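J.: Sequence and predicted model, in that order:
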Amino acid sequence: MSSTSQEAPVVHPSKKRLWYWLIWVSVVAVACVGLRNYRIDNDIARWTPELAASHGGTFVLIGYERGDTETDEWFERLSAIPDVAMVFPITGDGAMNGLCVSADDNVTDAELLVSVRDALGDDHDRVAIAGPPVFREALDTWSQRGLPTASGLILLIGAVVMWFTARCWRSVIESLVAVFSGQIVLLGLITLTGTAMDMVLSMTPPLLMGLGFSFAAHRATRSGVNRALLLSMATTATALALFVFTDFQPIRAFAVWGATGVVLTWAAVMLLVTPPAPQHRRAAVDHATDVTSAAQRRLAWGCVMIGALVTIGGILALPGLSLQEDTLTYFPDESRVVRDYRRIDTELIGTLPFEVVVDRPDVDPSELISKTPGVRRFERVIADPNTGQTVYFGLASNHAIRDLVSVQSQWNAWAVAIDTSIHWKGVAAQIDHIGQSVWRTACWALPTMLCVTAIAGWLVDRRISSLVLCLWVNAFPVAVLGGWLYLSGRPVGLPSLLISALAIGVAIDDTLHLLLAQKETGNMTRAVQACRRACLGSSLATALCMLTFLLCPFRPTAEFGGLVALAVVAALIGDLLLLPAAMTLLTHNGKYRNKRLSHF
């Protein structure tokens, strides 16, 4: 048969991949332009503006030993600072006296803190300093410490794990370039949009590098895994994106940019990492591989029962977890911010500011609120004739948030009895609102992610049993985390509330690869043999990379990394032990049939 049509030219794979590299290098070059605008900003008032103090500027508390002879000179220097509204002395509750330096509304935290330190000069080390500007500076500084070192170690660990997984230097180099350049693109996009890095968002690039090596381990060692990697990327991105609905701005930014970073990292790995050539492995045609001995079935039943008990116990322990509300625990005990805050808090005056607004000018809640446990100072600030509201300012002990929250019903009952309303604002109210908001989001994000993983499992293998096993196996790491935190009695930090949904998004990765391999062979034993090296490599890379966070002195970062590593190890146990055990029982009952050919 003759034909005048010409065949389409065939693009050689090497040329095709060269185009991929050129396109990606262009994207990285554009993103590098935005890195010049990289900045850190942990402004609590910006995070929850609706609860920010409505009157008065920022302030700094200065504590000094009683009997210090230079206090008059300090008072004069501080009073001479431009834009300082007021400097007034404070009589301490303990061995200290102090000064409060209050700034005008248009003065920023950084400007006031620099001016105060300049005014004190060499005497700065003789006094204790606290206040919102000091805490904000500490967050900006400590939240970044250790992250560059952790990022460098992540690249080193990722390279070593990739070598032992793929046994190919080309795969190692491609993985390093893909993972590192993906984070350059992400940081470039963040800064180009004018978004500032904060204590939560700063953890995103190192986290995504660990996840990137997980993707690369599967991509470099097994062919035909594109579908599984796509589903893994989608579920992990969904786990992060769910937190976009929280009221806490840093968590929202983490959700948006974390999900974006997962997509970018996946795209970089898919474009730059070369998959191995397809291998055809002949499956055994006899049925001996499908027959399990009584001992094997008893072992499988034991694994399933233990896993089920751990899952049930851990899930039941989740409601008993407590939230870390003492923000000083974020920093090392030996840091100056902790020493100064605790010294002022115990020997001078409370360091936790809050504001109370009453809608009637002719009533005074001072007697009621002053009796609240932990309240150290409460004074009237201003009466606004235009709105009819009266504003009061208070200082409470740093650990008094629960006490303040517990008396809100009493405050509201007092206001209702006199036909008015009372509003709680300021730093204390913001900390409580942030914690409750993130906690509520985590509570509904967890079952949502379980539903997502169940759907992903059903899409891979259209069986109800696969759907149920996905639910169980991927709930197992969350149960392990819940049980660990409950038994240790440790309160959970704000960033760690993200881990429950994130752990499910990470755990589903290996589950999907195993289900796809099992679907190809009809036998979970051969599926585990085919995927074992990639699953071990991906989980080991992620867990070890997350453990580098323990080098960070900022405790929320260290806690986040340690818990993610624990979740990854638990997920590996679920995927390589619990899932095959359950499949062994199903296979024994005749639910799965052997195929003659498997393709990896």
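T.: Good, I have the coordinates. Residues are numbered from 1 along each chain as shown.

J.: From G258, how far off is the spatially most central residue of the chain?
T.: Nearest residue to the geometric centre of the chain (C-alpha atoms, centre = their mean): P495, 4.0 Å. Plainly put, P495 is 11 Å away from G258 if you go by C-beta to C-beta, to the nearest Å. The C-beta positions use only the backbone N, C-alpha and C, and glycine is treated the same way.

J.: How about T557?
T.: In this structure, T557 and G258 are 15 Å apart, going by C-beta to C-beta.

J.: Tell me if T387 really is in a helix.
T.: No - secondary structure assignment (DSSP: H, G, I helix; E, B strand; the rest coil) places T387 in coil, not in a helix.

J.: Tell me where this structure has strands.
T.: With DSSP state E applied, the chain shows strands at 59-65, 84-91, 96-103, 128-130, 280-282, 352-358, 375-384, 389-396, 422-425, 597-599, listed in chain order.

J.: Now mean pLDDT and distance to E334 too, for those, in TSV please.
T.: Putting the strands of the chain into TSV (pLDDT from 0 to 100; distance: least, C-beta to C-beta, whole Å) gives the following:
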stretch	mean pLDDT	distance to E334
strand 59-65	89	19
strand 84-91	85	26
strand 96-103	88	20
strand 128-130	92	15
strand 280-282	45	58
strand 352-358	90	22
strand 375-384	83	25
strand 389-396	88	25
strand 422-425	88	33
strand 597-599	32	58
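
J.: how about those in JSON lines, adding mean neighbour count?
T.: Compiled in JSON lines, these are given as follows (neighbours: other C-beta atoms under 10 Å):
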{"stretch": "strand 59-65", "mean neighbour count": "23"}
{"stretch": "strand 84-91", "mean neighbour count": "15"}
{"stretch": "strand 96-103", "mean neighbour count": "22"}
{"stretch": "strand 128-130", "mean neighbour count": "23"}
{"stretch": "strand 280-282", "mean neighbour count": "10"}
{"stretch": "strand 352-358", "mean neighbour count": "23"}
{"stretch": "strand 375-384", "mean neighbour count": "15"}
{"stretch": "strand 389-396", "mean neighbour count": "22"}
{"stretch": "strand 422-425", "mean neighbour count": "20"}
{"stretch": "strand 597-599", "mean neighbour count": "15"}
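
J.: Using a markdown table, lay out these together with distance to L323.
T.: Putting the strands of the chain into a markdown table (distance: least, C-beta to C-beta, whole Å) gives the following:
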| stretch | distance to L323 |
| --- | --- |
| strand 59-65 | 26 |
| strand 84-91 | 31 |
| strand 96-103 | 30 |
| strand 128-130 | 23 |
| strand 280-282 | 51 |
| strand 352-358 | 16 |
| strand 375-384 | 21 |
| strand 389-396 | 18 |
| strand 422-425 | 18 |
| strand 597-599 | 48 |
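
J.: coming back round to it: hang on, the residue nearest to the centre of the chain packs against F560?
T.: Yes - A contact is recorded between P495 and F560 when judged using C-beta atoms under 8 Å, the distance being 4.7 Å.

J.: so what sits against both of those two?
T.: Common contacts of P495 and F560 (C-beta atoms under 8 Å, 6 or more residues apart in numbering): M203.

J.: Could I get the contacting residues of the residue nearest to the centre of the chain?
T.: Taking C-beta under 8 Å, 6+ apart, one finds M199, V200, M203, P556, T557, E559, F560 in contact with P495.

J.: Give me the pLDDT value at it.
T.: Per-residue confidence at P495 stands at 79 (pLDDT).

J.: Look up how far V427 lies from the closest residue in space to A400 that isn't next to it in sequence.
T.: By the measure of C-beta to C-beta, 6 or more residues apart in numbering, the closest residue to A400 outside its immediate chain neighbours is G374, 2.5 Å from it. With distances taken as C-beta to C-beta, G374 is found 14 Å from V427.

J.: Please apply the same query to F554.
T.: As defined by C-beta to C-beta, F554 lies at a distance of 19 Å from V427.

J.: pull the helix or strand with minimum mean pLDDT from this structure.
T.: strand 597-599 (a mean of 32; mean pLDDT, DSSP states H and E).

J.: For the residue nearest to V310 when sequence neighbours are not counted, give me its contacts.
T.: Excluding its sequence neighbours, the residue lying closest to V310 (C-beta to C-beta, 6+ apart) is A479, at 5.8 Å. In this structure, A479 makes contact with V310, T311, I312, G313, G314, I315, A317, judged by C-beta under 8 Å, 6+ apart.

J.: May I see those arranged in TSV, with distance to T346, pLDDT and neighbour count as well?
T.: Compiled in TSV, the contacts of A479 are given as follows (distance: C-beta to C-beta, whole Å; pLDDT from 0 to 100; neighbours: other C-beta atoms under 10 Å):
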residue	distance to T346	pLDDT	neighbour count
V310	42	93	18
T311	44	92	23
I312	44	93	12
G313	40	92	15
G314	38	91	23
I315	40	90	16
A317	34	90	17
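
J.: Appreciated, that's everything.
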